[in-house]
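Asks: sequence first, then the predicted structure, then my questions.
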Amino acid sequence: MDGEFIEALEQLQKEKDIAMSSLLQTVEAAMSSAYRKHYGTQEDVRIEIDPQARRVRMFARRPLFPVTEEGEPADATLQELAYEEHEIDTADFGRIAAQTAKQVVMQRIREAEREMVFDEYSARLGEVVTGEVQRRDGRNVYIALGRVEAVLPSYEQIPGESYRFGQRLKVYVLEVKRTTKGPQIYVSRTHPSLVIRLFELEVPEVYEGVVEIKSVAREPGARSKVAVWSNDTQVDPVGACVGHRGARVQAIVDELRGEKIDIVRWAEDVPSFIKAALSPARVKEVVLHEDTHSATVIAPDDQLSLAIGRRGQNVRLAAQLTGWKIDIRSEAQWAAQVEAGLAPAAAPKPPAEPARIRVYELARELGVESKDLVEILQEESIGVTSHASTITPEQARMIRELLMGGEGTLADLEAGAIPLEIEPEEE
């Protein structure tokens, strides 16, 4: 019996992926419950397992409460309790008690499994997991995720998407709830973040944070727009997401069953961002109205329908992507409104910032190596990281004066053609 008992525990440890220490605690609690119920006592049970000797020993234990000299119970909190133990003959434990213990063990194991599943998928909220279509119940689809099932509710399904038994899908972990039957996992195929996670899987630059997805607008099953930006000036964010011959974005389109994806370049300048968001249409001008957080877009007459899109889809997605309410007018409509004095007043445009200068451009002008100039800029506390970084015209002027005194080159300076004035150090 001992060997079989130990083998059963070891099998449970492998099958359920539960630590042996946790299993032993569960078994002890179960045996204690069965022992107390069978013998009508309040004693606890302690189990000793020797895996090498394949032997199991059970002990019933009860605390010995300290007493005073007068025979009254002493305060047990002031000293450590001692226990009296006696070994239990497992052969005399009884069939009913053993059955009770088995039931309690299985119940505790099921509870431990449920808690493990809840903890695992609670930690995976917002991630994409791969599952297999298992069954359909009403309008809900059940997806097998290894040893658990997830629910894909009807309102989280892509309109018109069919689900076949055994079909493999990538789904977004939306919510995990505790229920009387165990944790219930809810997943989605329509959530905008599903698109972000798929780009992280397919585009290493997105996963590594070199390319950042700033916002996503999505009409599931029809079209998505994704605004991207690069933290590295030498990495084209749109090109990285599209991939060679469109391979990367096509893999995502295939996973979403043909949903079209527009990848646009994010810009801090709102008019530029709105123009990009309305692609593939080409628009002429964007007039911002800060007070209403809206924009009037003027499009060439032949681009108006394309900018609006079928049933207004293109402009609707562009508004979601940018966070601005967008009203599109053709050039002819806008000219008529202006002539009639009905055109909405535009917010005053901020003064244009002077164009920034690339480090390698300034290095070429000064006749120095780009890497040397990067070091000089960093020493002057100007935040640059590479030759492709940019600096302001004022910073460039300061560096010119620092290196040339207004004329000559750094090479002249190093050759001694331009004298250096060195101030004496203060004592």
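Replies: That came in fine, so what should we check first?
Asks: tell me where the stretch 201-350 of the chain has strands.
Replies: Listed in chain order, the strands of the stretch 201-350 of the chain (DSSP state E, counting those that start in this stretch) span 211-219, 223-230, 260-265, 285-289, 294-299, 325-330.
Asks: in the third one, what's buried?
Replies: Buried residues in strand 260-265, counting neighbours by 16 or more other Cβ atoms under 10 Å, are found at 261-265. (C-beta placed from N, C-alpha, C; glycine too.)
Asks: need the strands of the stretch 201-350 of the chain in TSV (columns: distance to residue 357 and mean pLDDT).
Replies: Output for the strands of the stretch 201-350 of the chain, formatted as TSV (distance: least, Cβ to Cβ, whole Å; pLDDT from 0 to 100):
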stretch	distance to residue 357	mean pLDDT
strand 211-219	24	95
strand 223-230	19	95
strand 260-265	22	95
strand 285-289	27	91
strand 294-299	31	93
strand 325-330	34	93
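Asks: the ones you listed: which one's closest to residue 248?
Replies: strand 260-265 (9.8 Å; Cβ to Cβ).
Asks: output the closest one as PDB, nothing but the C-alphas.
Replies: Extracted as PDB, the C-alpha positions of strand 260-265 are listed here (Å, rounded to 0.1, in the frame of the first residue of the first chain):
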ATOM      1  CA  LYS A 260      -7.200  45.100 -44.400                       C
ATOM      2  CA  ILE A 261      -4.600  47.000 -42.400                       C
ATOM      3  CA  ASP A 262      -3.300  50.500 -43.200                       C
ATOM      4  CA  ILE A 263       0.000  51.400 -41.500                       C
ATOM      5  CA  VAL A 264       0.500  55.100 -41.200                       C
ATOM      6  CA  ARG A 265       3.300  57.300 -39.800                       C
END
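Asks: what lies in contact with it?
Replies: Contact partners of strand 260-265, identified using Cβ atoms under 8 Å, 6 or more residues apart in numbering, comprise 195, 222-229, 237-238, 241-242, 249, 252-253, 276-277, 279-280, 317, 321.
Asks: check which helix or strand covers residue 169.
Replies: Assigned by DSSP states H and E, residue 169 belongs to strand 168-179.
Asks: tell me which residues are up against that strand.
Replies: Residues from elsewhere that reach strand 168-179 (Cβ under 8 Å, 6+ apart): 118, 121-122, 124-133, 143, 150, 152, 156, 163, 183-189, 191, 193-194, 197-198, 255.
Asks: separation between residue 378 and residue 392?
Replies: Going from residue 378 to residue 392 by Cβ to Cβ, to the nearest Å gives 16 Å.
Asks: picking that back up, could you tell me which of the contacts of strand 260-265 count as buried?
Replies: Using 16+ other Cβ under 10 Å, the buried members of the contacts of strand 260-265 are 195, 222-228, 237-238, 241-242, 249, 252-253, 276-277, 279, 317, 321.
Asks: among those, name the ones in helices.
Replies: Among those, the members found in helices (DSSP state H) are 195, 237-238, 241-242, 249, 252-253, 276-277, 317, 321.
Asks: would you format those as TSV with distance to residue 368 included?
Replies: Shown next, in TSV, are these (distance: Cβ to Cβ, whole Å):
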residue	distance to residue 368
195	45
237	31
238	33
241	36
242	37
249	41
252	45
253	47
276	36
277	41
317	48
321	43
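Asks: of those, closest to residue 25?
Replies: Out of those, the member with the shortest distance to residue 25 (by Cβ to Cβ) is residue 195, at 44.4 Å.
Asks: any low-confidence regions in the stretch 51-200 of the chain?
Replies: Applying pLDDT under 70 to the stretch 51-200 of the chain flags residues 65-81, 90-98, 100-101.
Asks: now do the strands in it.
Replies: Secondary structure of the stretch 51-200 of the chain (DSSP E, counting those that start in this stretch): strands at 55-64, 82-88, 128-137, 140-145, 148-152, 168-179, 182-188.
Asks: in TSV, list those strands along with mean neighbour count and distance to residue 365.
Replies: Formatted as TSV, the strands of the stretch 51-200 of the chain follow (neighbours: other Cβ atoms under 10 Å; distance: least, Cβ to Cβ, whole Å):
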stretch	mean neighbour count	distance to residue 365
strand 55-64	15	84
strand 82-88	12	86
strand 128-137	15	49
strand 140-145	19	60
strand 148-152	20	60
strand 168-179	17	51
strand 182-188	21	54
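Asks: now those strands in JSON lines, with distance to residue 327?
Replies: Listed next are the strands of the stretch 51-200 of the chain as JSON lines, based on distance: least, Cβ to Cβ, whole Å:
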{"stretch": "strand 55-64", "distance to residue 327": "79"}
{"stretch": "strand 82-88", "distance to residue 327": "81"}
{"stretch": "strand 128-137", "distance to residue 327": "36"}
{"stretch": "strand 140-145", "distance to residue 327": "40"}
{"stretch": "strand 148-152", "distance to residue 327": "37"}
{"stretch": "strand 168-179", "distance to residue 327": "33"}
{"stretch": "strand 182-188", "distance to residue 327": "32"}
